[in-house]
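Colleague: Here is a sequence with its predicted model. Questions after.
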Number of protein chains: 2
Amino acid sequence: MLNRPKPVLKLKRLGINTYKEAVVYMHDKCHVCRAEGFEVQARIKLTHNDKSIIATLNIVNSEILKQGELGLSEFAMQTLNAKEGDKIRISHPPTIDSLGYVRSKIYGHELPDKYFQSIINDIVAGRYSDIHISSFLTACAGGRLNRQEIIHLTSAMVESGKKLKWGKSLVVDKHCVGGLPGNRTTPIVVAIVAAYGLTMPKTSSRAITSPAGTADTMEVLAPVNLDVETMCKVVEKENGCLVWGGSVALSPADDLLIRVEKALDIDSEGQLVASVLSKKIAAGSSHVLIDIPVGPTAKIRSIEMVEELSRFLEETGSALGVSIRVHTSDGTQPIGRGIGPALEARDVIEVLTNRPSAPLDLRERALDLAGHTLEFSPKIKNGQGRKIAETILNDGKAWSKFQAICEAQGGMRKIPKAKYTHSVEASKSGQVVSIDNRRIARVAKLAGAPTDKVAGVDLYSPIGTIIEKGQPLFTVHAHAPGELDYALNYLEGHQDIINIQEET
Amino acid sequence: MLNRPKPVLKLKRLGINTYKEAVVYMHDKCHVCRAEGFEVQARIKLTHNDKSIIATLNIVNSEILKQGELGLSEFAMQTLNAKEGDKIRISHPPTIDSLGYVRSKIYGHELPDKYFQSIINDIVAGRYSDIHISSFLTACAGGRLNRQEIIHLTSAMVESGKKLKWGKSLVVDKHCVGGLPGNRTTPIVVAIVAAYGLTMPKTSSRAITSPAGTADTMEVLAPVNLDVETMCKVVEKENGCLVWGGSVALSPADDLLIRVEKALDIDSEGQLVASVLSKKIAAGSSHVLIDIPVGPTAKIRSIEMVEELSRFLEETGSALGVSIRVHTSDGTQPIGRGIGPALEARDVIEVLTNRPSAPLDLRERALDLAGHTLEFSPKIKNGQGRKIAETILNDGKAWSKFQAICEAQGGMRKIPKAKYTHSVEASKSGQVVSIDNRRIARVAKLAGAPTDKVAGVDLYSPIGTIIEKGQPLFTVHAHAPGELDYALNYLEGHQDIINIQEET
C-alpha cells in the first residue's frame, strides 16, 4: 500500500493573482482531493518536473474547474514554471520542523544559528503560509531577538540567496533606515560616489510602510528590475548602479518577510538590522554607511533608540565581516518637497542638475552622506569627503554619471505627472512649527503611493515657514479619483498634520 | 468630488471555499478596481443591503469574471447574505485603529480593557486578515498577558457574543484543558450530572491541535450544531446538553482565533484561559470544574505550570463572577482505547452501558469528575459526590439520560467504521513503559482525525502492559488510503512512540 503512484491533476489557468501566496484550487468532487482526505486550508505539496511548492487549498464548487483539473494562483504557476494543460502531482507535505522553532521563539527561548537557517530556508522554499510568517515576525519583534540572534538571522538571510563578489577590498554602500518622507538622497549619493571612482553596487528595497522606497522612486527614472548579470555589467561600466534588490535575488527571504510586515505595519529592530545588513553583505559590500534620521515622528524617535540600533548594526556587521559607520541626521520633518515616487524623482533631478529651484535640504543631506561614504576610501581623510562631493555635484560630473547609470540600466525615463491634484490651504496665518511625518506619509499612501508612481504629496511649507491664511500648504497628487477622495477624507479628520502657530 | 456615489459590481458566484477567510475577486480590467486604485492583497470594504465585510483582494486575469462582475469567497457571500446577481458596493475600508493596539502589545505594553474590546470586536466583525489574527495571537502567547489582561481578554470575548441566562443560582460546567488523547469524559459526566438533576448546559469546542474535540466526538452520536433556542429547549427538558459552542454563537471570537491557532499549532496560556472561561461565562455557568491532566508529553507538563494556570483561571473566574475548582489528573498516557471521534464515541458508549469491555481508566476518570461536579450542589458534601455518580452510572440512569439528550438534540446516530485499517505490532517483547501522547495524537491526525470521523488510532497497550514481539500495539484507522499511507509513513520515522523495555 505504501509507495503507490502519486495522484496527478491537469492544470487549468484561472488567472488569480494572490501576490506572493501559493494557493491551489481543487474541485470538491475531485477524486484525488477526496482520496487524499484534503480539507479547505490544508497545506498541499505540488510538484511539476523538478520544482515543488507548498500551497494552501481552496475547494471549488462551481463550473470554473472540471473533474481532473486543478487551478493554481499565478504565483504558484510561476514558481512551478507550469502552464495550462501541464500535469501537476499532488501529495501531503512533509512536516515542517522549523515551525517548532518558531513556537520555541514565541515561548521566549533563544534560538541557535541552525534554527534560524531552517526557518529562513523554509520561508524561501515557500513552505510557510502567511499565518506562519506573521507569527515568526511577531515573535521576533518588540526587542525579542538578542544580539546573537540578530547575527544568526542576518547570516541565515544572506545564506538563503545569491552572494555577489567584486574582487575588490573596498566596496561601499549607504543605507537610510527610513521613517522620513521624501528623504531620497541615495540616487544623488551613488552618482557622486561612482563619479569619484568608488565601487557602489546599490540595491534598494521597495516601500515597506512608507509612500516610496528608493527602488520605487528610481523606477520612475530607469528600469530597476535587473538580473544579477546585467547589474554586474552596469557596475563594471559605471562603478555604481541603482537596482531593486528583489530582482537580483539577494537575501530572497527579505521580500517575503516585507510583504507580511507591510500588512502588519511593523518593522522591528532585529528584522530591520537583518534586512538591511543581509542585503549589503549579499551584495558584496565591505563598508556601509547607515543614516539614521531621528525625530519625534520619525521611525527612530530618541537618541537611546539610535544608540541601541547602532550597537546592533555595528556588532552584526563586525560579526559578519563588514565595517559599519552610523550617521545620525535630523528627522523632524520631510526632506525635499515631493513625497511619493514621481515627486521625489523630480526633486532628485533638480538637485543633480543644480537647478535654483532644487530643494536645498535634500542637496545638503545628500552631500553630507556622499562625503561620509567617500571617506571610506583610504585616500580621503575624515572631514574632507564633503568638499570633494560638493565639487563633483557642482561641476556636473554627478549628473553625467547619473545619466550614464540610467542608460546602462536600460534607458532614462521621463517623469510622469498625476491626473488629479488637490491643493490644501492654510486655515490660519502664522508660522509652521511642526509636521507629523507619519500622517503626511499616510496621506501620500492613501493617495496611491507607491503603487501609483505619480501619487503623493508635494509639500511647500517646511518648519519655520511664515504662512498666510489661504496660502497652499501642500498638494495631494493621485492617479485615480477614488484615491484622491480617500486621501482628502482622511485629511478632513486630521487637520493638524501641519501645525501652524499664530503670532501673538 | 467628495461623496460621489460608491461603485457597484454584480456578484458572480465562483464557488471558492476559503473556510472563514473573506476574499474578493476582481478583474484586472475592472474600471472600479482601477478607478479606486486597488492592488492585489488590498483590504476592501464590501456592502450589501445592511451588511458589510472587509475582504482581501485577489485580482483575476481570465474569463472566470466578466467586466462589471466581482466574485466572493463562499464565507464572504454567506456573511453578506448575498447571492449571484446581487449588486455589491465596494469602497476603501476605514482605518482599523485596533491594529495599533496589537502593535503596542507586540512592543510589550500592557493593554487596557477597552483595547481588548476593540481588538475582539474588530476580529468578530471580520476586519482582521489571517495575518493580523496570527500576529495578535503570537503577541499574546508565551506568557505575555498578565492576569489583568487575561481578565480583559476574557471579558471582551464574552461581550462579543450572546449570553445565556438560566434563572438559576447553580448552573454547573466541566472543562478539560486537553492535551491527553482519547480523554473523552464529558459525555459521561454530563449524563451523570443531568441524571442527578443539576443543570449542565455543556458547549464544547472542536479540536484545536488534537485529533478530536468533544464536539467532534459527540457529533458521531448526535447532531451538535444546535442554535441557542434548540439548545435551551434540550436543557429545559433534560437538564443537560452536549452541543458545539461555535453554532450557538457564544464567544464568537473564539472560533476565529482557534482557526489560526490551529495553523500555528499553538494554544497559549492567556488564550487558553480566555477561550475556556469566556464560553462558560457566556453559557451562563455559575460553577465550573476544570480538569488539568499533567504529564511529560501532555499539554501541561509540570505542577508549576498547573499552579500558574490554576491561579489565572481562578482569578479570572473570580473577577468575572464564576466559581472555579481546578482538578489535577494523571496525564502520562492516553485515556480509553480510541483516539479520534468515532473510536472515542465507541469507548463512551461502552462505559455508559457498563459493558465488561469498557475501558476502566475512562470510567474511573469520568466518575471522579462527575463526583466533583456534583459536589457543587449544596446538598452534596465534599467526598460524597463520587459514590452518588457511581450509583447513577451503574444503575443505567446515566445511559438513559444520555440517550434522552441525544434524542432531544435530533436523534441518536450509529457509530461509523473506517474502510482502511493497519495494525502496528510490537518489534520486541517486554513491558510498555511510556507512550508519547503528542506523537500518537499526530498519527491519528495524519490518518485524518478529526475531519474524518472514523479516522484515528485504537490503542491496546497502556503503560504497564506486558507484550510479546509481534503482538498488536495499536491499529491505525483511516477513511482514505492517502491518509493511511501518510500516517504509516510517519510511523516508519518514529518507531519509539510506544516505548517497550525488554526484561533483563
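Modeller: Received it, and whenever you're ready, just let me know what you need.
Colleague: Could you check the pLDDT of the residue in the stretch 201-350 of chain A that chain B sits nearest to?
Modeller: Across the stretch 201-350 of chain A, the shortest distance to chain B (C-beta to the nearest C-beta) belongs to A:A263, at 4.6 Å. C-beta: built from backbone N, CA, C; applies to glycine. On pLDDT, A:A263 comes in at 83.
Colleague: so it makes contact with B:D130?
Modeller: No. Under the criterion of C-beta atoms under 8 Å, A:A263 is not in contact with B:D130, lying 9.6 Å apart.
Colleague: hey, what's in contact with both of these two?
Modeller: Contact criterion C-beta atoms under 8 Å, 6 or more residues apart in numbering or on different chains; residues shared by A:A263 and B:D130: A:D130, A:S134.
Colleague: The spatially closest residue to the residue of the stretch 201-350 of chain A closest to chain B that is not a sequence neighbour: what secondary structure?
Modeller: Once flanking residues are discounted, A:A263 sits nearest to B:I131: 4.6 Å by C-beta to C-beta, 6 or more residues apart in numbering or on different chains. Applying DSSP: H, G, I helix; E, B strand; the rest coil to B:I131 yields a three-state assignment of helix.
Colleague: and the stretch 51-200 of chain A, which of its residues are near chain B?
Modeller: A:58-62, A:64, A:73-74, A:92, A:95, A:99, A:103, A:106-108, A:129-135, A:137-139, A:141-143 (C-beta under 8 Å from any C-beta of the partner chain).
Colleague: Quick check: residues of the stretch 301-450 of chain A near chain B?
Modeller: With C-beta under 8 Å from any C-beta as the criterion, the stretch 301-450 of chain A meets chain B at residues A:H422, A:L446, A:G448.
Colleague: Among those residues, name the ones in strands.
Modeller: Counting by DSSP state E, those place A:H422 in strands.
Colleague: tell me the domain ranges of chain A?
Modeller: Per the record, chain A has its domains at A:8-91, A:172-408, A:420-501, by automatic domain parsing.
Colleague: quick one: the helix or strand containing A:Y101 to chain centroid distance?
Modeller: Assessed by DSSP states H and E, A:Y101 sits inside helix A:98-106. The chain centre lies 26 Å from the centre of helix A:98-106; the measure is C-alpha atoms, centre = their mean, to the nearest Å.
Colleague: which is the next helix or strand following it?
Modeller: helix A:113-124.
Colleague: which residues sit against that following helix?
Modeller: A:96-98, A:101-102, A:104, A:128, A:133, A:136, A:149, A:152-153, A:155-157, A:159-161, A:252-253, A:256-257.
Colleague: A:Q409: what's it in contact with?
Modeller: Listed by C-beta under 8 Å, 6+ apart, the contact set of A:Q409 reads A:A222, A:P223, A:V224, A:L226, A:T230, A:V234, A:C241, A:L242, A:V243.
Colleague: I'd like the distance between the residue nearest to A:G246 when sequence neighbours are not counted and A:L153.
Modeller: Excluding the flanking residues, the one nearest A:G246 by C-beta to C-beta, 6+ apart is A:D255, at 4.6 Å. Separation of A:D255 from A:L153 (C-beta to C-beta, to the nearest Å): 15 Å.
Colleague: Name the residue in the two with the higher neighbour count.
Modeller: Remark: of A:D255 and A:L153, A:L153 carries more neighbours, 27 against 19, as counted by other C-beta atoms under 10 Å in any protein chain shown.
Colleague: tell me the SS of the more buried one?
Modeller: Going by three-state DSSP: A:L153 is helix.
Colleague: if we can go back for a sec, and the residues of the stretch 301-450 of chain A next to chain B, which of them are buried?
Modeller: In those, burial by neighbour count holds for A:H422, A:L446, A:G448, counting by 16 or more other C-beta atoms under 10 Å in any protein chain shown.
Colleague: For A:D496, state which of the residues you listed is nearest.
Modeller: A:L446 (16.5 Å; C-beta to C-beta).
Colleague: Give the full set of residues in contact with the closest residue to the closest one other than its chain neighbours.
Modeller: Of all residues not flanking A:L446 in the chain, A:A487 sits nearest, at 4.1 Å (C-beta to C-beta, 6+ apart). Going by C-beta under 8 Å, 6+ apart, A:A487 touches A:H422, A:V443, A:A444, A:L446, A:A447, A:V476, A:A478.
Colleague: what about 6 Å?
Modeller: A:V443, A:L446, A:A447, A:V476 (C-beta atoms under 6 Å, 6 or more residues apart in numbering or on different chains).
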